[in-house]
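**Student:** prediction below, plus the sequence it came from.
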Amino acid sequence: MSTQVSSFDVFISHTWQTSGLRKYSSLLLQSGWKVATLSGVAAVAAAFALGATSVLPLPFQITPLQWDFEETCPFGPWGCLSGSFVTILGLFISPHFPYRKSSMCFLDIVSINQVNPDLTEMGVYGIGGFLSVAEELRILWSVPYMSRLWCLGNTFTLRQF
């Protein structure tokens with residue numbers, strides 16, 4: 001939702017040639033990696049504890065070939081399976097966690113009027129001003145980004161402020 005503000009926490013610079021899914025994935029990884037990592041580690045620790053206490057079966061045997069260790073050890077896939085699944089789940093639910101600080105960001109499609117051509121032109125010419133009140137420039141880099149003069153202009157404009 002668009003609203004009038006005096007500054008932005010983040011100015012998102014991107015190219016329209018890159019798919020929306022790639023941009024969404026990039027933003028999701030940038031904002032949700034902590035939740036994903038912590039939830040994955042917790043799942044692996046829980047699987048280890050449940051396997052060590054025989055709550056989960058350990059159906060496989062492995063003989064490590066390290067130093068002079070010659071014992072056969074029970075092994076189960078639970079840590080790998082639960083860790084992977086919960087990490088991905090944590091990544092996708094991370095935007096919905098209530099503790100998250102709300103960031104005000106500039107995203108051209110919602111921050112610049114797309115209906116009225118006069119307002120669109122004013123918004124485009126005001127990009128430098130928007131960048132000057134942004135705390136951070138977040139570039140959603142893709143192969144076409146460096147070939148787009150407009151995108152490079154965003155980067156150089158921020159360096160001036």
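**Tutor:** Now that the structure is in, tell me what you want to look at. Not measured: the values here are computed from a predicted model.

**Student:** which residue lies nearest the spatial centre of the chain?
**Tutor:** Note on the chain: the residue nearest the mean C-alpha position is L29, at 1.9 Å, using CA atoms, centre = their mean.

**Student:** that one in helix, strand or coil?
**Tutor:** Counting by DSSP: H, G, I helix; E, B strand; the rest coil, the backbone at L29 sits in helix.

**Student:** which ones are touching the residue nearest to it when sequence neighbours are not counted?
**Tutor:** Sequence neighbours aside, L91 is the residue nearest to L29 in space, at 7.2 Å (criterion: CB to CB, 6 or more residues apart in numbering). All C-beta atoms are positioned from the backbone trio N, CA, C, and that covers glycine. Taking CB atoms under 8 Å, 6 or more residues apart in numbering, we find L91 in contact with L28, L29, G32, W33, V35, A36.

**Student:** what helix or strand is L91 on?
**Tutor:** Applying DSSP states H and E as the criterion places L91 in helix 78-93.

**Student:** quick revisit: how near is the residue nearest to L29 to F60?
**Tutor:** 28 Å (CB to CB, to the nearest Å).

**Student:** contact partners of stretch 67-78?
**Tutor:** So stretch 67-78 is contacted by A47, L50, G51, L56, P57, L58, P59, F60, Q61, I62, T63, P64 (CB under 8 Å, 6+ apart).

**Student:** neighbours of the spatially closest residue to the last one that is not a sequence neighbour, just the number please.
**Tutor:** Of all residues beyond its chain neighbours, the one nearest P64 is C73 (6.7 Å), with distances taken as CB to CB, 6+ apart. A total of 11 residues lie near C73 under the criterion other CB atoms under 10 Å.

**Student:** surely Q17 and L140 touch.
**Tutor:** No: counting by CB atoms under 8 Å, Q17 sits too far from L140 to count as a contact (11.4 Å).

**Student:** which of those two has more neighbours?
**Tutor:** More crowded of Q17 and L140, by other CB under 10 Å: L140, with 18 against 12.

**Student:** residues in contact with the more buried one?
**Tutor:** Taking CB under 8 Å, 6+ apart as the test, what L140 contacts is I12, S13, H14, T15, T18, R22, K23, S26, L27.
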